[in-house]
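1. Got a sequence here, can you model it:
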Amino acid sequence: MTGRMGALGRAELTLLVRNKYALFTALLMPLLMVGVLRSSLDRVDLGRAGMSALEAALSGGVVMMLILVVYLNLVSAYVSRREELVLKRLRTGEASDREILTGTALPAVVLAVAQSALIVVAGVALLDVKAPQRPELLVGGVLLGIVMLIALAGATAAVTRTVESAQITTMPLFLISAVGSGLFVPLEILPDKVASMCELLPLTGVMTLVRAGWLGGAGDGGDLAGAALTALAWTVVSVFAVQRWFRWEPRR
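-> Numbers count the residues shown, from 1 in each chain. Okay, here's the model as predicted:
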């Protein structure tokens with residue numbers, strides 16, 4: 001099982017390296033988005049949130065990076081492999097459906113973990129941001145976000161006809177997460193009713209765990225448990241959607 005997934009992962013990594021657009025999205029776009037977050041947060045009063053604009057930008061940048069590296073890349077990868085009949089051919093071999101989907105996701109997972117670590121290390125070593133206050137929450141939030149976004153990518157690929165249309169079908173989650181999950185504007189400074197609704201969005205729980213793990217001061221254990229449960233619920237729903245609706249043959 002491990003060998004089959006490793007072989008799929010190596011093949012997918014080769015294709016990723018050859019795809020300049022995908023490689024740019026995975027490696028450079030997250031850094032650009034952190035800069036965008038930093039400039040936008042300079043104009044926001046973060047006193048109520050208990051963090052600086054730089055801290056908010058870097059912690060939000062971790063989750064934005066997960067969206068770009070895992071979700072956007074994987075939707076295109078799944079759709080491309082399906083339309084090229086790669087997924088159909090793989091199903092005729094020994095690999096299970098889960099192994100095929102996981103093996104395809106492996107390069108994105110490795111990149112996401114590496115870039116998460118890079119953002120944290122650079123923030124602490126070069127930008128004088130405090131070290132992670134609760135590393136277990138930070139790591140747990142990143143891993144939970146990766147699993148959720150893999151499942152969401154599979155669910156989105158099910159309704160995406162072509163690689164070109166993936167730019168459209170991925171846009172709702174990207175925009176909703178950027179605006180409502182606390183990446184650009186921490187939920188602490190939003191009106192209570194708006195913040196309560198935003199807490200139910202897919203990436204809000206992940207953002208809460210990541211920010212609490214790095215910066216601390218994210219409320220009591222009940223708040224963190226609620227964030228984790230919300231993220232887990234979205235993951236379970238997304239996995240069910242993949243099992244029910246994912247298509248292995250080209251959409252005609």
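2. longest helix anywhere in this structure?
-> When the chain is parsed with DSSP state H, its longest helix is helix 97-125.
3. Quick one: mean pLDDT over that one.
-> Regarding helix 97-125, the rounded mean pLDDT is 88.
4. Run the chain-centre distance for the helix or strand just after that helix.
-> Counting by DSSP states H and E, the next helix or strand C-terminal to helix 97-125 is helix 135-158. The gap between where helix 135-158 is centred and where its chain is centred comes out at 6 Å by C-alpha atoms, centre = their mean, to the nearest Å.
5. Give me the buried positions along helix 135-158.
-> Across helix 135-158, burial judged by 16 or more other C-beta atoms under 10 Å covers 137-158. Every residue, glycine included, has its C-beta placed from N, CA and C.
6. what do you get for stretch 123-136?
-> So, applying 16+ other C-beta under 10 Å, buried residues of stretch 123-136: 123, 129, 132, 134.
7. Likewise for stretch 224-235?
-> In stretch 224-235, counting by 16+ other C-beta under 10 Å, buried: 224, 227-228, 230-231, 234-235.
8. Closest to Ala53 out of the buried residues of stretch 123-136?
-> Val129 (11.1 Å; C-beta to C-beta).
9. Next, that closest one: phi, psi?
-> phi -90, psi 140 (degrees, to the nearest 10).
10. how close does it sit to Gly141?
-> According to C-beta to C-beta, to the nearest Å, Val129 stands 17 Å off from Gly141.
11. residues in contact with Trp248?
-> With contact set as C-beta atoms under 8 Å, 6 or more residues apart in numbering, Trp248 has these partners: 82, 87-88, 91, 97.
12. Would you check which pair of those lies furthest apart?
-> Longest span within the contacts of Trp248, C-beta to C-beta: Arg82 and Asp97, 12.5 Å.
13. Val210 contacts Leu143, doesn't it?
-> No. Proximity of Val210 to Leu143 does not meet the contact threshold set by C-beta atoms under 8 Å, at 10.5 Å.
14. related to what we said a few turns ago, closest one to Ser76 out of the buried residues of stretch 123-136, please.
-> Distances from Ser76 to the buried residues of stretch 123-136, taken by C-beta to C-beta, are shortest for Gly123, at 28.9 Å.
15. circling back: pull out the buried residues from the longest helix of the chain.
-> Buried, per 16+ other C-beta under 10 Å, within helix 97-125: 99-109, 111-113, 115-116, 119-120, 123.
16. next one: stretch 80-94
-> Buried residues in stretch 80-94 (16+ other C-beta under 10 Å): 80-83, 86-87, 90.
17. out of the buried residues of stretch 224-235, which are inside helices?
-> 224, 227-228, 230-231, 234-235.
18. Tabulate those in TSV, adding columns for distance to Thr162 and pLDDT.
-> Listed next are those as TSV, based on distance: C-beta to C-beta, whole Å; pLDDT from 0 to 100:
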residue	distance to Thr162	pLDDT
Leu224	40	89
Ala227	35	92
Ala228	36	93
Thr230	32	95
Ala231	30	95
Trp234	26	96
Thr235	27	96
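19. Keeping just the C-alphas, turn stretch 78-91 into CSV.
-> Below are the C-alpha coordinates for stretch 78-91, written out as CSV (Å, rounded to 0.1, in the frame of the first residue of the first chain):
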residue,chain,number,x,y,z
TYR,A,78,-7.9,15.4,-10.0
VAL,A,79,-9.8,16.9,-13.0
SER,A,80,-6.8,16.6,-15.3
ARG,A,81,-6.0,13.0,-14.4
ARG,A,82,-9.7,12.1,-14.8
GLU,A,83,-10.0,13.7,-18.2
GLU,A,84,-6.8,12.1,-19.4
LEU,A,85,-8.2,8.7,-18.3
VAL,A,86,-5.3,8.3,-15.8
LEU,A,87,-7.6,7.7,-12.9
LYS,A,88,-9.6,5.1,-14.9
ARG,A,89,-6.5,3.2,-15.8
LEU,A,90,-5.2,3.3,-12.2
ARG,A,91,-8.4,1.7,-11.0
